[in-house]
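Q: Here you go, sequence then predicted model.
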Amino acid sequence: MYAGKSLSCQLAAEDIGQEIFALAAKIYPICRSITGNGVRDTLRELDAHIGLDIHEVPTGTPVFDWTVPREWNIRDAYIKDSRGQKIVDFASSNLHVMSYSVPVRRQISLDELKGHLHTLPDQPDLIPYRTSYYAENWGFCMAHRQFENLRDETYEVLIDSKLTDGHLTYGEYLHRGETEDEILVSAHICHPSLANDNCSGVALLTHLAKRIAGAQTRYSYRFLFAPGTIGAITWLARNEQNANRIKHGLVVSMVGDGGGPTYKKSRRGDAAIDRAMTHSLRHSGLMPTILEFSPYGYDERQYCSPGFNLPVGLFQRSKFGAIPEYHTSADNLDFIRPDHLYRSYQLIVETIDLIESDVVYRNTIPKCEPQLGKRGLYAAIGGDKHAAAANMAMLWILNLSDGSHSLLDIAERAELPFATVRSTAELLRKHGLLEPCSDLRDP
Amino acid sequence: MYAGKSLSCQLAAEDIGQEIFALAAKIYPICRSITGNGVRDTLRELDAHIGLDIHEVPTGTPVFDWTVPREWNIRDAYIKDSRGQKIVDFASSNLHVMSYSVPVRRQISLDELKGHLHTLPDQPDLIPYRTSYYAENWGFCMAHRQFENLRDETYEVLIDSKLTDGHLTYGEYLHRGETEDEILVSAHICHPSLANDNCSGVALLTHLAKRIAGAQTRYSYRFLFAPGTIGAITWLARNEQNANRIKHGLVVSMVGDGGGPTYKKSRRGDAAIDRAMTHSLRHSGLMPTILEFSPYGYDERQYCSPGFNLPVGLFQRSKFGAIPEYHTSADNLDFIRPDHLYRSYQLIVETIDLIESDVVYRNTIPKCEPQLGKRGLYAAIGGDKHAAAANMAMLWILNLSDGSHSLLDIAERAELPFATVRSTAELLRKHGLLEPCSDLRDP
Amino acid sequence: MYAGKSLSCQLAAEDIGQEIFALAAKIYPICRSITGNGVRDTLRELDAHIGLDIHEVPTGTPVFDWTVPREWNIRDAYIKDSRGQKIVDFASSNLHVMSYSVPVRRQISLDELKGHLHTLPDQPDLIPYRTSYYAENWGFCMAHRQFENLRDETYEVLIDSKLTDGHLTYGEYLHRGETEDEILVSAHICHPSLANDNCSGVALLTHLAKRIAGAQTRYSYRFLFAPGTIGAITWLARNEQNANRIKHGLVVSMVGDGGGPTYKKSRRGDAAIDRAMTHSLRHSGLMPTILEFSPYGYDERQYCSPGFNLPVGLFQRSKFGAIPEYHTSADNLDFIRPDHLYRSYQLIVETIDLIESDVVYRNTIPKCEPQLGKRGLYAAIGGDKHAAAANMAMLWILNLSDGSHSLLDIAERAELPFATVRSTAELLRKHGLLEPCSDLRDP
């Protein structure tokens, strides 16, 4: 049983919002994809904060139904009009190039070019984010307003990219706790200059790892920074035998905007992480959205595939796809804020703290109520109808601590914040009225 | 496992509404009761469409707590006023005579006659439908407006009926499917000239049987045309040992009006037929009413008696008793329409098709998602927030096909129409991503 | 199985409201506390109606985590102003003295006196009720309006009380039924002049006991009149081995006002008493409040402690603490009324009657419906859509009496009053259509 200083206290950090923002801003300009130097450059920035294990998995490695793809790197790309003017330039935004575009350098008519252009007619000033990882293709993304003004002439297109055998790169950080049971926290690292999705999540988890490194915990914590889908699949393929060590997990993305918070439950629907996160969000004072599992989203899709069915949920502020900035150039550094990052950090910390400390106690005096007054635990003057409310947490804990209710069970039944129930239980334990159960709830 | 052409396709029929209406119109004039030549004449009309097994059960045969009653036949009936004018005439509507009236021929005062007259004061222009099967009595039914104008004079009443030892008659049609497991569909055949209740149901099931005769099905289908209550009891008494072959069942009545649709669940409440019909109706685009079981209604009362507790529900358009035309002369051929009969036919066919094809698959690649793109099953360009929705059926089926969820389970969890889930599953199966489970859900 | 005259009939009493009120009025003036002569005097009044077993438990007796306290008795108390005028006088209201005040006789400044005065600033005309059972202290309670006008002078305070080794007193009455299974009904007897809380409950249970004494019952009934908390704890400590005889229980308090009715469920939440009381209140025509268990309230706290977890709920009219009169001098004889006491008595009687008669029957003709008509149990003329409703109770009972549904289960599923279901079941039993099950639902 965990009985030291609460994890929330250990991980508290006044300026954490600023620190996360600074790291997000630093990695924002890098052109990431599912493979290549963009991922490596990003992991190097994280490694400056926490000693990462960086893994390189060769192109062609089979990972379940998939194969590690060729490595993609890009140096330059543009579209020039007939006067030699660059009208679209990779250097000004890496979103301009569809990710995994094959190399191209040629003259091209407007008509043919249009087949390679992606825009957002409903958001004419924004550049969309597009990928073509598994079908050979090339393309540019641009503002629809600019697209509409293209003259019917011959253009020069250049994509100076390389698709070659190489590696898929991901980073891991493991904090060892008292047990080998793991809490997995994972962020996708494959999106280019999108600040919220997911520079925010990558930066938040890096700073969480940095602080957890110095903390005493019951669980071990595994931080995974990997490209979306293929990265999670690769990790699961290489760690298939140990996946059952994961007792709780969170995928973290889009944690810098002011929406939500949003939690999407694991496929199990009633896993401890589902109940813990739901409790934290409901007592946050914010207006949370709790979603049932669905098989569309981020890497929880892989963790929750039927052959693994791990208890892994998704934490976000705004729900993916539900905001206009999603997967556009509007998801920039103006869209995320230190105070939102701070609040997201807090909510995650509260939730893992809850899981760390959700133990089952047994009332040592189960027959009739213990006399709280003689222990100084109860208002001395009776009859006042208001005094009693203050004692409700004590009464609920004593009444339900029969070996089959955890502190979270009690908090939910009593409709009290977990922190109140935990601190009250600690008080009762100090007075000998509670003892930890040997048959601790298995996570 | 059933894997041929879907039953809906096999049973599709453009003009089925017209055909059902034509048969209903043909049997509408016949004076049916729970026994007698009216039932025989009706079954003869059905037999012209499908080869019926017609059973004759002798008067006096004990059937559980009941006894097959004497046979009732009627040739003529009237009330004449003092001037010899027929003021009520069986020839103009067989509803005028209370069913099972004993013979009578006499002069009678208005006062005494009134004790034998049934009217509807709240619907003064309509003739009610009344019966007295198990208590010896006689009576006439008439419009209340006419009743109020009856002069205080002596009347001549004639009921030229016979109550004699004879038989109870019912018809059966059995379509043999791949297994001996049966789906029972049953319609009561004892009501006289009431078009919706139940010429509509009798005619619909006859045409359904006609089409199912040529179809390949997993289940065997038993069509039962029998008088209400005593007919179902008689059938159950004679088939007590085989009743457990019935895996699903529907009582069908009042399917020609534009109300509902209405489904009343079986006593079990969560039988496959209950879930299947609920799903079909909820995705029908109509405004269905789903009722919990209650022990009042049609022959589901007998099928759902505690000693049988068969999974048999009741399908109707408007709920019995809930419309003003119910059990009155207003339930005539103007009250039912081919398009409503067509829609009712469709809903029943969709439901049995669902039951035929609600199998359990197992995802052959359960660890992480299979790579749909390399199989041409997935949009090639990533990042678009709209594209994914189209793939939800695939993702749900793959995620939940772990051997414990049937296609209907998946459709309900995913909130998708069963037809979408089934056709998508078929596609995935063709690509080798699903295999049928040996442990098919037992019905 | 209980099959005699229904308990409601046996216990019916036209003037019971008046009788309960008269007894409540008689015991209202007595100064009760958790020990002492006030309790004895009160029990003597009850003993005049029913032969009570009165128990005296010595001071110092350990009872679980508690110890029986010293006995408190008081003869006089007052506050005199500098002119010798009694401005607060125990003789005019025993609420003026905080219960268990230690003896005091001295001159005291206003400033110091204020530390011993209790008032209700929000209800300035009322005297509050206060206690200090387990912390040595003394105090007076008074109207806040008077408190505000106290002059800054020297007062004389007298509390002529004694705190001495003695006894804790409680009374019990046991009515023996056909079995040793018990229904516990208990009322706290420790509050001084508070009419509703709990002269009303004490008086109601006394008159209930008086009538039950002459009744034939399946269960034995244990009536307990004991001081709150310490009395229930003492009783449980002395009856620990037999507590499991209690199959159902009710704590009764505040039953003379016109609010509620209110029922707070036992810790189990689905005990028979919970379902029975919920049913009675929902069919009462009043606007009941059904509360989930919470560990704050009256002596159900002790009965429902985890080491006992007895099926004991709390019955009240207004909920404790929820009305302005609660624990003030406004809870006087004007606040309770014979008609409310009558209705409370009725509701309790209906509930225990329900528990007495909630048996499980088995339909003797489970296959198809029995023919009710030939037994004269069914309307003879068919077809009328209204007639059937009258027969619904019969149909529900026959349909659900399969050995696994009690009469209450049936009443709840059919949404019918228990009394209708019970009397209809009796009718069916007389006709041989039901037989009692050997596997009666265990309480």
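A: Received it, and whenever you're ready, just let me know what you need. Residues are numbered from 1 along each chain as shown, chains lettered A, B, ... in the order given.

Q: When you work out contacts or count neighbours from here on, use the C-alpha atoms and nothing else.
A: Fine.

Q: tell me the contacts of residue A:143?
A: A:119, A:120, A:124, A:125, A:126, A:127, A:128 (C-alpha atoms under 8 Å, 6 or more residues apart in numbering or on different chains).

Q: Quickly note the distance from it to residue C:89.
A: Distance of residue A:143 to residue C:89, computed by C-alpha to C-alpha, to the nearest Å: 88 Å.

Q: Residue A:54 reaches residue A:171, doesn't it?
A: Yes: applying C-alpha atoms under 8 Å, one finds residue A:54 in contact with residue A:171, separated by 4.4 Å.

Q: for the record, mean pLDDT for stretch A:6-17?
A: In this model, stretch A:6-17 has a mean pLDDT of 89.

Q: And for it, what's in contact with it?
A: The contact list for stretch A:6-17, computed with C-alpha under 8 Å, 6+ apart, reads A:207-208, A:211-212, A:215-217, A:337-343, A:345, A:349-350, A:352-353, A:356-357.

Q: burial count for residue A:334?
A: Per other C-alpha atoms under 10 Å in any protein chain shown, the neighbour tally for residue A:334 reads 10.

Q: ugh, wrong one, residue A:374
A: 12.

Q: Any figure for the gap between the closest residue to it other than its chain neighbours and chain B?
A: Distance criterion C-alpha to C-alpha, 6 or more residues apart in numbering or on different chains; nearest residue to residue A:374, sequence neighbours excluded, is residue C:134 at 7.4 Å. For residue C:134, the distance to chain B (C-alpha to the nearest C-alpha, to the nearest Å) stands at 57 Å.

Q: Quick check, residue C:134 in contact with residue A:375.
A: No: assessed by C-alpha under 8 Å, residue C:134 is found out of contact with residue A:375, at 11.0 Å.

Q: Same drill for the two, tell me which one is more crowded.
A: The residue with more neighbours, out of residue C:134 and residue A:375, is residue C:134; 15 against 10, by other C-alpha under 10 Å.

Q: So the more buried one: helix, strand or coil?
A: What DSSP: H, G, I helix; E, B strand; the rest coil gives for residue C:134 is coil.

Q: Tell me how far it lies from residue C:159.
A: 18 Å.

Q: what's the pLDDT at the nearest residue to residue A:93 once chain neighbours are set aside?
A: Distance criterion C-alpha to C-alpha, 6+ apart; nearest residue to residue A:93, sequence neighbours excluded, is residue A:193 at 7.7 Å. Residue A:193 is assigned 97 on the pLDDT scale.

Q: List the contacts of residue A:193.
A: A:28, A:29, A:30, A:31, A:32, A:93, A:94, A:95, A:329, A:332.

Q: Reformat the residues you listed into a markdown table and put pLDDT, distance to residue A:365 and neighbour count next to each item.
A: Shown next, in a markdown table, are the contacts of residue A:193 (pLDDT from 0 to 100; distance: C-alpha to C-alpha, whole Å; neighbours: other C-alpha atoms under 10 Å in any protein chain shown):
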| residue | pLDDT | distance to residue A:365 | neighbour count |
| --- | --- | --- | --- |
| A:28 | 98 | 58 | 22 |
| A:29 | 97 | 62 | 19 |
| A:30 | 98 | 61 | 20 |
| A:31 | 97 | 63 | 25 |
| A:32 | 98 | 60 | 27 |
| A:93 | 97 | 67 | 18 |
| A:94 | 97 | 66 | 23 |
| A:95 | 98 | 65 | 26 |
| A:329 | 97 | 62 | 21 |
| A:332 | 98 | 58 | 18 |
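
Q: Wait, residue A:77 touches residue A:87, no?
A: No: Residue A:77 lies out of contact with residue A:87 (C-alpha under 8 Å); the separation is 11.0 Å.

Q: Provide the partner residues of the residue minimising distance to the centre of chain A in its beta bridges.
A: Centroid-nearest residue in chain A: residue A:252, 0.6 Å away (criterion: C-alpha atoms, centre = their mean). Taking DSSP bridges as the rule, residue A:252 bridges to residue A:315.

Q: list the contacts for it?
A: By C-alpha under 8 Å, 6+ apart, the contact list for residue A:252 reads A:185, A:186, A:187, A:201, A:314, A:315, A:316.

Q: longest helix anywhere in chain A?
A: Secondary structure of chain A read by DSSP state H shows that its longest helix is helix A:338-357.

Q: CA-only coordinates of that one in PDB, if you can.
A: Extracted as PDB, the C-alpha positions of helix A:338-357 are listed here (Å, rounded to 0.1, in the frame of the first residue of the first chain):
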ATOM      1  CA  PRO A 338       0.200  28.000 -20.400                       C
ATOM      2  CA  ASP A 339      -2.800  28.200 -18.100                       C
ATOM      3  CA  HIS A 340      -4.600  25.500 -20.000                       C
ATOM      4  CA  LEU A 341      -1.500  23.300 -20.100                       C
ATOM      5  CA  TYR A 342      -1.200  23.800 -16.300                       C
ATOM      6  CA  ARG A 343      -4.800  22.700 -15.800                       C
ATOM      7  CA  SER A 344      -4.400  19.700 -18.000                       C
ATOM      8  CA  TYR A 345      -1.300  18.700 -16.100                       C
ATOM      9  CA  GLN A 346      -3.100  19.000 -12.800                       C
ATOM     10  CA  LEU A 347      -6.000  16.900 -14.000                       C
ATOM     11  CA  ILE A 348      -3.700  14.100 -15.100                       C
ATOM     12  CA  VAL A 349      -1.700  14.300 -11.900                       C
ATOM     13  CA  GLU A 350      -4.900  14.200  -9.800                       C
ATOM     14  CA  THR A 351      -6.000  11.100 -11.600                       C
ATOM     15  CA  ILE A 352      -2.900   9.100 -11.300                       C
ATOM     16  CA  ASP A 353      -2.600  10.200  -7.700                       C
ATOM     17  CA  LEU A 354      -6.200   8.900  -7.200                       C
ATOM     18  CA  ILE A 355      -5.200   5.500  -8.700                       C
ATOM     19  CA  GLU A 356      -2.000   5.400  -6.600                       C
ATOM     20  CA  SER A 357      -4.000   5.900  -3.400                       C
END
